[in-house]
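Q: sequence below, structure please.
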Amino acid sequence: MLQKIQQHLSGWVLWVLVIIISLGFMLWGVENYFQGNVNPRDKSIGTVNGLNIFTSDVERAFNVIAYQLAEQNDNVLPEYLRPIIEKQAVNTVVFSKVIETLAKKLGFAYGQEEVERYLPNFDVFKENGKFSEEKFYKTIYSQGYVSAQDFIDRLRNDLISNQIRTGIFGTEVATSSEFEFWAKLSGQKRDFKYAVVPANLFIEESKIDNKKIEEQYNKHLEHFKVDEKLKLEYVELLADEVSDSIKIIQEDIEEYYEDNKKQFFTPKKWLVSHIFLKKETDNDVKNLASEIIELSNKGKSFNELAKKYSDDKLTADTGGKLHWFRAGSINKKFEEAIKNIDTVGKLSEIIETEDGIEIFKLLDVKDSNYKPLEEVSETIKGKLIEQKLKKAFQELSEDLADISYSNPDSLKEVSEKLNLEIKETVAFSKKEPGTGISNISKVIDAAYHKDVHEDNNNSLPIRLADDRIVVIRIKEKIPARTRSLNEVKNELESALKLRMSIEKVQTLVKNITENLQNENSTKKIFKKHKLKWKSVKDAARSVKDDIPKNIIKLAFSIENNSKEIKLYPNGPISQEEFGIVDVQKIIYPDLSKMDDDIKKSIRDNITGYYANIMYRLYVENLKQQSEINLKDQKS
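A: Numbering: from 1, shown residues only. Now for the predicted structure:
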């Protein structure tokens, strides 16, 4: 399997697009979009093969990784993960620069329009089966991207990476033993029953005395320390508010129309039907073509003739009708013949090709024209508003940066000059984000930056989205402290009770699983604690809506080759519950009856899996050979 790198690059295949859907795992963008951002202090922190790595590159990589980890932790990013994420962010950017170098060497590239054409293919951006711009922005912002261009840049790099991956390593065929192993594993089903035991089952009977509570408090004082909290004041620049001042007059629309008239030109179009005759013997096919033309000229329906004689089976049933076409969009020989038909309803001359003979009938013609101003006026107005809004917002962004930087001790000046309201946040810390902008990792990071936190300066402008920028400063610092025993007594008591209950539940679960063969004993335990079995038939590895996903994991957590077995995996299925699973039967798929599309999918997954491993090793080797120079960082 994939024993050597292919000598010639092949075209990339469609299945790699599946990888792209996993937004959170895309590689970092090739182009440094933020070189033109409002951040005047963005600087290079090193180079990879002569390509600069900027602080904004690493910050963006950090934000996306941090956002996804925080989502898995109740929207809180544990402080101990920050240095790990910082290192991963740098490695991610370095990896992308290595890919960029390789892409340039191999001549791989994707233009802006090429990348944008892929967006409608993402199901995650669709609403009612169609691409939704609103859903697109909502999704990318929820995943930690700061702008549409940010996402497009990252998508570009992922497309290039996949092109390199499939181009270099190809897609060799999986061996029969590999296919059989993975097919049986992925297609396996299980019959089982399960019970859920709540972690707080014994909490009412758990008793904790005050001495124990105080002892635990003193033992874990560090846990009750509250970090310093901050309250911010900030100004916010929003494109929506700028748009109210944008005015477009009729003269602007007319001037744009005249200057960009080519945009509104519709070239001449022709609509035809055709009859295609395959070559058999020259005389036979020519004679038949002449006969068809003669029959048509005598009034015989061209539709019926196409249905009877045309060898183009895709169009014969519809009377040979084709789509509208413009000059330059079809075979030149055909185009000239159709242009020579001077009247709608007439036929072309016989056109000979290598494959046979074509006869065309002209159905309709639409002359070239310019769309009238009245028809495109609203479209032009929208474009002009967008252009002026973009320019105005950019100018205000620059003013915001200049004024807040020139007057670092207050937001008053920028508020008055740009007519922006000074707003305030609730108190927050790194471990306990607030609401609104104080729940955004970029804002929190900026608040604890030395310039803002220690030197009491205004922050640099922070771009939260394409149309939203804020500048913050600290209004109040609430010192760190340790919560008193009285403050935490109730929650500490509840936690100790739950811990005691969990210990008893673990003992109970162990007792149940060890005695499952003893049906009477199990029934007594279940009755005493009001537990119930739930039966599941033909369960696949994919999670069912009505079954806790970790129950499915438990049910498939033990490997066994026998057909009829009794296995009893158990363990926590969430922070509040434990699961007991009685696996009663393992059903393996009959590979001889497996659908061909499923077989192909499994083989593609196997080859893709190995190709991905080889690709990662290949790029890692390129990384080792690259010239990587990082300031105060380890590559």
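Q: so for the single longest helix found in the chain, mean pLDDT?
A: Longest helix of the chain, by residue count under DSSP state H: helix 373-406. Average pLDDT, helix 373-406: 90.
Q: tell me the helix or strand right after it.
A: helix 412-418 (DSSP states H and E).
Q: can I get the CA coordinates of that following helix in CSV?
A: Only the C-alpha atoms of helix 412-418 are listed here, as CSV (Å, rounded to 0.1, in the frame of the first residue of the first chain):
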residue,chain,number,x,y,z
LYS,A,412,-12.6,60.5,25.2
GLU,A,413,-10.8,62.0,22.2
VAL,A,414,-11.7,59.2,19.8
SER,A,415,-15.3,59.1,21.1
GLU,A,416,-15.8,62.9,20.4
LYS,A,417,-14.0,63.0,17.1
LEU,A,418,-15.6,59.9,15.6
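Q: helices or strands up against it?
A: Helix 412-418 makes packing contacts with strand 229-238, helix 373-406 when contacts are defined by 3 or more C-beta pairs under 8 Å, 6 or more residues apart in numbering; DSSP states H and E. No exception for glycine: its C-beta is placed from N, CA and C like everyone else's.
Q: quick one: the longest one to strand 229-238, angle?
A: I take that to be helix 373-406. Orientation note: helix 373-406 sits at an angle of 150 degrees relative to strand 229-238 (axes from the mean of the first three to the mean of the last three C-alpha atoms, to 10 degrees).
Q: in helix 373-406, what's buried?
A: Residues 373, 376, 380-381, 383-384, 388-389, 393, 396-397, 400-401, 403-405 are the ones in helix 373-406 that count as buried (16 or more other C-beta atoms under 10 Å).
Q: do the same with stretch 530-544
A: Buried residues in stretch 530-544 (16+ other C-beta under 10 Å): 531, 536, 539.
Q: what's the average pLDDT for that stretch?
A: pLDDT averaged over stretch 530-544 gives 87.
Q: got the end-to-end distance for it?
A: Stretch 530-544 has its terminal residues 25 Å apart, counting by C-alpha to C-alpha, to the nearest Å.
Q: before we move on, what about stretch 255-269?
A: 28 Å.
Q: which helix or strand lies directly C-terminal to the least confident helix or strand in the chain by mean pLDDT?
A: Ranked by mean pLDDT, DSSP states H and E, the helix or strand of the chain with the weakest confidence is helix 17-21, at a mean of 28. Note on helix 17-21: by DSSP H and E, the next helix or strand toward the C-terminus is strand 44-48.
Q: mind listing residues that contact that next one?
A: 52-55, 58, 94, 97-98, 101, 626-633 (C-beta atoms under 8 Å, 6 or more residues apart in numbering).
Q: buried among those residues? Make that a PyMOL selection.
A: Listed next is the PyMOL selection for buried residues among the contacts of strand 44-48, using 16+ other C-beta under 10 Å:
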select buried, resi 53+54+58+94+97+98+101+626+628+633
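Q: can you pull out the strands in the stretch 251-400 of the chain?
A: 265-266, 269-278, 325-326, 351-352, 356-366, 369-370 (DSSP state E, counting those that start in this stretch).
Q: using a markdown table, lay out the buried residues of stretch 530-544 together with secondary structure and distance to Asp595.
A: Below are the buried residues of stretch 530-544 laid out as a markdown table (DSSP: H, G, I helix; E, B strand; the rest coil; distance: C-beta to C-beta, whole Å):
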| residue | secondary structure | distance to Asp595 |
| --- | --- | --- |
| Leu531 | coil | 40 |
| Val536 | strand | 24 |
| Ala539 | strand | 20 |
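Q: ok, of those, which one's closest to Asp451?
A: Of all those, Ala539 has the smallest distance to Asp451: 56.0 Å, by C-beta to C-beta.
Q: sec struct for the closest residue to the closest one other than its chain neighbours, please.
A: Residue nearest to Ala539 in three dimensions, not counting chain neighbours: Arg190, with 5.3 Å by C-beta to C-beta, 6 or more residues apart in numbering. The three-state assignment at Arg190 reads strand, by DSSP: H, G, I helix; E, B strand; the rest coil.
Q: surely Arg190 meets Ser535?
A: No. At 11.7 Å, Arg190 and Ser535 do not qualify as touching, with contact defined as C-beta atoms under 8 Å.
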